[in-house]
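Participant: Give me the fold of what follows.
(one chain, ligands or ions: 2)
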Amino acid sequence: MKKDLLILGIETSCDETAAAITKNGREIIANVVASQIESHKRFGGVVPEIASRHHVEQITIVIEAALKQANVTMSEIDAIAVTEGPGLVGALLIGVNAAKALAFAHQKPLVPVHHIAGHIYANRLVTELQFPLLALVVSGGHTELVYMKEHGHFEVIGETRDDAAGEAYDKVARVLNMPYPGGPHIDRLAHEGSPVIDLPRPWLEGSYDFSFSGLKSAVINTVHNAEQRGEAIAPEDLAASFQASVVDVLVKKTVDAVAEYGVKQVLVAGGVAANKGLRSALEEAFSGLDVELVIPPLSFCTDNAAMIAAAGSVMFEKGVRADLSLNAIPGLEIEIFN
Ligand code: KG4
Ligand code: ZN
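Facilitator: Ligands and ions are numbered 1, 2, ... in the order given. Have a look, this model is predicted:
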């Protein structure tokens, strides 16, 4: 009988210190996330130095908690998977160094994982992947359509030319005086309003690329113009109009790419995948099509280490390894064909 593959995943690329253990890449036996959101809220965004300091304080506690939750010891772990990038360099380094120290001390293989590959593989904790597939990656730092021919193959067919979808959400939320991260607040508000304000839809015809900065500016201008004229603008209608524009573009591009690439599955990944408007619009768009739509539960959409362990498990089986010279790469590209 084949032994179960136990992977310890470590994630510290932004503002969550996380450790998790997966069994055979699909089953979570421990999942611990220490969020720093409360510490960054008063600054309206993530402060890199504060993030690093929190990671240093939390990393050992979080890893020990994951081992305890899974009721396993380090000797039973087959490999350590860690986010090597992209992300904040000082934050990434805490996870990378913790992973290296553990790999050295316990003589375990070290597997470097791309953060976005992790977001995509969060879907494998829900269902088995069917190739070829298309992943719509929508996070705070990335908006990409990624084509996967097989495990470990990531081909970017479209990406944002400026702001990521999550970034646009956070900036619009700031203008509407909402706390960081703004995405969930705009999402909630959008459901109380109607999309009656005319905002641009950045189609970028003939390309699968995205652009959200013009839309973001249009929202900001709408607010400022109304203020100057002394007119009241209903924040819920603005939120609904902004969300409708973002969702329309994301859904249309995904539907078009699915038709062109003839994929079997569509995965949604990243923090903005938690968006209720996006989830229901995608469900509606794909309901009549012969393609399986997979959207992870909310807790797997935002940063966690179970997704890093899930991706690391596949990479481990493909023979991907790092030695103790592994470094954090803040601008790491996903275009890898392992
Ligand atoms: O994937 P993630 O946790 O971190 C990155 O890797 O960037 O994504 C965080 C982003 C933030 O911009 C946050 O505002 C956004 O995801 N987000 C949402 C929602 N929940 C989180 N955006 C829109 N609607 C939501 N419900
Ligand atoms: Zn992320």
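Participant: from the chain's centre, how far out does stretch 102-117 sit?
Facilitator: Distance of stretch 102-117 from the chain centroid (Cα atoms, centre = their mean, to the nearest Å) equals 20 Å.
Participant: list the buried ones in it?
Facilitator: 102-103, 108-117 (16 or more other Cβ atoms under 10 Å). Placement of C-beta: from N, CA and C, glycine included.
Participant: In strands, which of the residues you listed appear?
Facilitator: Counting by DSSP state E, those place 110-114 in strands.
Participant: Quickly check these for the two that are furthest apart.
Facilitator: Comparing every pair within these by Cβ to Cβ identifies 110 and 114 as the most remote, at 14.6 Å.
Participant: which residues sit in contact with residue 146?
Facilitator: The contact partners of residue 146, by Cβ atoms under 8 Å, 6 or more residues apart in numbering, come to 116, 120, 134-135, 137, 154-157, 334.
Participant: Looking at neighbours, which among those is most surrounded?
Facilitator: Within these, most neighbours by other Cβ atoms under 10 Å means residue 135, with 29 neighbours.
Participant: Distance check, residue 26 against residue 295.
Facilitator: From residue 26 across to residue 295, the span is 17 Å (Cβ to Cβ, to the nearest Å).
Participant: Look at these two and report which has more neighbours.
Facilitator: Using other Cβ under 10 Å as the criterion, residue 26 and residue 295 rank with residue 295 on top: 20 against 16.
Participant: Find the nearest non-adjacent residue to that one, please.
Facilitator: Of all residues not flanking residue 295 in the chain, residue 268 sits nearest, at 4.6 Å (Cβ to Cβ, 6 or more residues apart in numbering).
Participant: What is the nearest of the ones in strands among the buried residues of stretch 102-117 to ligand 2?
Facilitator: Of all these, ligand 2 sits closest to residue 114, with 10.8 Å by Cβ to the ion.
Participant: tell me which parts of the stretch 201-338 of the chain are close to ligand 1?
Facilitator: Taking Cβ under 6 Å from any ligand atom, the part of the stretch 201-338 of the chain that reaches ligand 1 is made up of 270-272, 274-275, 302-303.
Participant: nearest to residue 168, of the residues you listed?
Facilitator: Of all these, residue 168 sits closest to residue 272, with 9.3 Å by Cβ to Cβ.
Participant: And the pLDDT for the closest residue to the closest one other than its chain neighbours?
Facilitator: In space, and not counting its chain neighbours, residue 272 is closest to residue 138: 3.6 Å by Cβ to Cβ, 6+ apart. With respect to pLDDT, residue 138 has a value of 97.
Participant: cool, the one 4 residues further on as well?
Facilitator: Predicted confidence (pLDDT) at residue 142: the value is 93.
Participant: Repeat that for the one 4 residues further on.
Facilitator: As summarised for this prediction, residue 146 has a pLDDT of 98.
Participant: helices and strands around the lowest-mean-pLDDT helix or strand in the chain, which ones?
Facilitator: Between all helices and strands in the chain, the lowest mean by mean pLDDT, DSSP states H and E belongs to helix 37-41, at a mean of 84. Packing partners of helix 37-41 (3 or more Cβ pairs under 8 Å, 6 or more residues apart in numbering; DSSP states H and E): helix 48-70.
Participant: Does ligand 1 have contacts with the helix it packs on?
Facilitator: No: judged by Cβ under 6 Å from any ligand atom, helix 48-70 makes no contact with ligand 1; its nearest approach is 12.1 Å.
Participant: now what about that helix, what contacts it?
Facilitator: By Cβ under 8 Å, 6+ apart, the residues outside helix 48-70 that reach it are 6, 8, 10, 12, 14-15, 17-21, 29-34, 36, 39-40, 43, 73-74, 88, 90-91, 93-95, 98, 102, 305.
Participant: again, but for stretch 151-162
Facilitator: Here stretch 151-162 makes contact (Cβ under 8 Å, 6+ apart) with 114, 116-117, 120, 129, 131, 134, 142-149, 204, 207-213, 253, 257, 261, 314-315, 318, 320, 334-338.
Participant: tell me the contacts of residue 298?
Facilitator: By Cβ under 8 Å, 6+ apart, residue 298 lies in contact with residue 274.
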